[in-house]
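Participant: Here is a sequence with its predicted model. Questions after.
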Amino acid sequence: MSSFTVNIVTPSGSVYNEEAKFLVANTVVGSLGVLPNHAPLISPLKIDAVRIDLADENESDWVAVNGGIIEIRDNVVSIVANSAETQHDIDVSRAEEAKQRAAAKIEKAKSEQDQSVDLARAEVALIRAINRLKVANK
Ligand code: ATP
């Protein structure tokens, strides 16, 4: 088989379903390239862009995937994440605002040692926003 199915699912449902000839994702242990007939695998993902090279076109799709899990089995790549957005679904101003908000919270937490601000949460929110902006600008 010269292609495989890519299915990206979030609590809101399926956000992406296409046939691909290659995929690149960033797992917690490093970058993962997937070709057809890949061996079975399950791995946690980092918050990062996933690139999907479409089976029938000389084009790539980019999806901002906010962590989650990748599972490869029987020529199907399933990604399950709390949230994921395709390039054209990303609201750039919303991501810009989220980035500013998170950066301000981090600044506040660091300068004032303000315990009411959850630094780790703000740092992850910043990474999510930067990832969305990166994908929107691909
Ligand atoms: P925000 O602070 O803007 O809500 P967030 O990172 O806290 O951002 P999430 O909790 O990751 O948002 O996602 C909540 C829902 O909103 C998900 O369905 C996600 O796909 C969607 N979403 C978040 N940010 C954007 C964006 N910039 N463009 C499009 N959809 C977004």
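Facilitator: Alright, I've got the coordinates.

Participant: Now tell me what touches the helix or strand where residue 64 lies from outside.
Facilitator: Per DSSP states H and E: residue 64 is located in strand 60-66. With C-beta atoms under 8 Å, 6 or more residues apart in numbering as the test, strand 60-66 has contacts from 8, 15-16, 18, 25, 45, 47-54, 79, 81-87, 90, 128, 131-132, 134-136, 138. From N, CA and C alone the C-beta is placed, and that goes for glycine too.

Participant: And the average pLDDT for the one helix or strand residue 101 maps to is what?
Facilitator: Following DSSP H and E, one finds residue 101 within helix 92-112. Averaged across helix 92-112, the pLDDT comes to 92.

Participant: Report the angle between the helix or strand that comes right after it and strand 60-66.
Facilitator: On the C-terminal side of helix 92-112, the closest following helix or strand by DSSP H and E is helix 119-136. For helix 119-136 against strand 60-66, the angle by axes from the mean of the first three to the mean of the last three C-alpha atoms, to 10 degrees is 170 degrees.

Participant: Use 50 as the first number for this chain going forward.
Facilitator: Done: numbering now begins at 50, and the last item shifts to helix 168-185.

Participant: Could you pull up the contacting residues of the residue lying farthest from the centre of the chain?
Facilitator: Seen from the C-alpha centroid of the chain, the residue lying at the greatest distance (C-alpha atoms, centre = their mean) is residue 161, 32.0 Å away. Applying C-beta under 8 Å, 6+ apart, we find residue 161 in contact with no residue.
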